[in-house]
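In: Return atomic coordinates for the entry below.
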Amino acid sequence: MLPVEPRLGKMLIMGAVFHCLDPVLTAAAGLSVRDPFLLPYDKKELADSAKAKFSSKDYSDHMALVRAYDGWKEAEKTGSAYEYCWRNFLSAQTLQAIKSLRKQFEFLLKDVGLVNGDTITCNQQSDNQSFVKAVMCAGLYPSITSVVNRERSISTKTMEDGAVLLYHNSVNAHEQRIPCPWLMFFEKVKINAVFIRDSTGISDSVLLLFGGSLSRGEGPGHLRMLDGYMEFFMEPELADIYLKLKEELDELIQKKLHNPSMDIYKDGHHLLLAVHELLSADQCNGRFVFGRKVKMPKVSIDSFSKTDENPKGLLQTLVSRSGYGQPKYKEKHLKTNQFRVMVEFNGMQFVGKPCRSKKLAEKDAAMEALAWLTGASRPTSSLISNEAMPAMKDKKGRSTEGMLLRKKEERGNDEVMTRKKKTREHEWERERVKGAT
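Out: As a prediction, this is how the structure comes out:
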């Protein structure tokens, strides 16, 4: 058992197991001390730009820390460490503390038999950035926040705190858009709101394979984590692959921990090749969070009503995580003393069937939208002409459905006016005849 913070201890063990020890040692040591990046009050912009250079547009405070430390080590060899720290707004004292902690952590790993003296073997995967992030995720999980890119801002949420903010000294705090569905973090603080101090953008594949327990959801191709807080939608065959890989990967890790001398890349060669391929091929676009490009099998929409999930809540979760605004509900009181509701998001409109109350009508409209989003089907008797199709619009962006309704009303008004006109003409004719007689 390592005498360190549990998440950092797990990160160190996973770094040793998967042969990417050096960057993980730096990240764990850096998270154990104060931030080495200085932020002078009168030079904030210069300091931010200096730190941004280390991030290399990979949306990671942890990798920026690793690069800054590696640069400092190189500068030490040439005797320019002081100049390096001054130019990049780094604390030489904190970097020295990181160096000392790295040695202590490495000694602890050698003591438990996970690290030998072969530094080349221990760092076979240290240059594989996607794999290093995955190993860090294995340690930091479940400290995960979801990311939703809105038009002018970025929304981040955790399971415990709901909406959170990114701390001003994070490289991600200055981004207009973070093209990752998730951020992993180590520390959060509460001032007037909850702030995430450090963060790294990760893909769905990283979370699915190196996060926590993974289970099947309600329908085919639906996977869940953290009791359903994190949900993933994909083709059923792909979901089976992720579940099988996750199971085999966990078994391989357990074997390595029980037998530290085992060569994990020899015994699990084909498995780790598949894992590497998935991690490197995932473009971090979050397609499994709101995977609308894959064709889901036809399942009954009744499955939504049979579960404890509120269709409105489930719809809001799917839509918000995809980066769109909250669904808007518009109800109409029918002459039959029933209600019909239309739900709208991202320019699409879905209309439910008439119900005896507004609450039931909103629920039905939400189920219609969910049917379209997940590729499910509803019984034919419950369908209406446009219940699960995007609303068509004209060149000026006006809803053609509304235009058709207005034209129908106009035709009805014209018919009424015509009847009134004919009635007045008949009355005038009778008056004229009476006057003549």
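In: For burial, what's the neighbour tally of N192?
Out: 6 (other Cβ atoms under 10 Å). For glycine as for every other residue, the C-beta is placed from the backbone atoms N, C-alpha and C.
In: Helix or strand: which one has it?
Out: Applying DSSP states H and E as the criterion places N192 outside every helix and strand.
In: and A138, how far is that from L273?
Out: Applying Cβ to Cβ, to the nearest Å, the value for A138 to L273 is 19 Å.
In: Same question for E251.
Out: E251 is 16 Å from L273, by Cβ to Cβ.
In: what residue is smack in the middle of the chain?
Out: With distances taken as Cα atoms, centre = their mean, P181 lies nearest the centre of the chain, 2.9 Å away.
In: returning to that earlier point: higher neighbour count, A138 and L273?
Out: A138 (24 against 11).
In: just the strands in the stretch 251-400 of the chain please.
Out: Applying DSSP state E, counting those that start in this stretch to the stretch 251-400 of the chain gives strands spanning 328-333, 339-345, 348-351.
In: same thing with the stretch 51-200 of the chain?
Out: Going by DSSP E, counting those that start in this stretch, the stretch 51-200 of the chain shows strands at 144-149, 154-158, 162-166, 182-184, 188-190, 194-196, 200-202.
In: What part of this structure, helix or strand, is modelled with the least confidence?
Out: In the chain, the helix or strand scored least confidently by mean pLDDT, DSSP states H and E is helix 302-306, which has a mean of 50.
In: avg pLDDT for stretch 280-296?
Out: For stretch 280-296, the mean per-residue pLDDT is 58.
In: does R216 have beta-bridge partners, and which?
Out: L223 (DSSP bridges).
In: Which of the three states applies to S49?
Out: helix (DSSP: H, G, I helix; E, B strand; the rest coil).
In: burial of it, as a residue count?
Out: What S49 shows, counting by other Cβ under 10 Å, is a neighbour count of 12.
In: And the one 3 residues further on, by the same measure?
Out: Using other Cβ under 10 Å, the number of residues around A52 comes to 14.
In: isn't it right next to N172, touching?
Out: No. Assessed by Cβ atoms under 8 Å, A52 is found out of contact with N172, at 10.3 Å.
In: related to what we said a few turns ago, may I see the strands of the stretch 251-400 of the chain arranged in TSV, with mean neighbour count and distance to A16 as well?
Out: Converted to TSV, those look like this (neighbours: other Cβ atoms under 10 Å; distance: least, Cβ to Cβ, whole Å):
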stretch	mean neighbour count	distance to A16
strand 328-333	13	51
strand 339-345	21	47
strand 348-351	22	50
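In: So for Y82, which of these sits nearest?
Out: Nearest to Y82, of all the strands of the stretch 251-400 of the chain, is strand 339-345, at 55.6 Å by Cβ to Cβ.
In: what packs against the closest one?
Out: strand 328-333, strand 348-351, helix 358-374 (3 or more Cβ pairs under 8 Å, 6 or more residues apart in numbering; DSSP states H and E).
In: For L101, which of the ones you listed is the nearest?
Out: Here helix 358-374 is closest among these (Cβ to Cβ), at 47.6 Å.
In: For that closest one, C-alpha coordinates in PDB please.
Out: The C-alpha coordinates for helix 358-374 follow below in PDB (Å, rounded to 0.1, in the frame of the first residue of the first chain):
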ATOM      1  CA  LYS A 358     -50.600  19.000 -19.400                       C
ATOM      2  CA  LYS A 359     -48.200  16.800 -17.500                       C
ATOM      3  CA  LEU A 360     -49.100  13.700 -19.500                       C
ATOM      4  CA  ALA A 361     -49.000  15.600 -22.700                       C
ATOM      5  CA  GLU A 362     -45.500  16.900 -22.000                       C
ATOM      6  CA  LYS A 363     -44.400  13.400 -21.100                       C
ATOM      7  CA  ASP A 364     -45.800  12.000 -24.400                       C
ATOM      8  CA  ALA A 365     -44.100  14.700 -26.500                       C
ATOM      9  CA  ALA A 366     -40.800  14.000 -24.700                       C
ATOM     10  CA  MET A 367     -41.300  10.300 -25.500                       C
ATOM     11  CA  GLU A 368     -41.800  11.200 -29.200                       C
ATOM     12  CA  ALA A 369     -38.600  13.100 -29.200                       C
ATOM     13  CA  LEU A 370     -36.800  10.200 -27.500                       C
ATOM     14  CA  ALA A 371     -38.200   7.800 -30.000                       C
ATOM     15  CA  TRP A 372     -36.600   9.800 -32.800                       C
ATOM     16  CA  LEU A 373     -33.300  10.300 -31.000                       C
ATOM     17  CA  THR A 374     -32.800   6.600 -30.100                       C
END
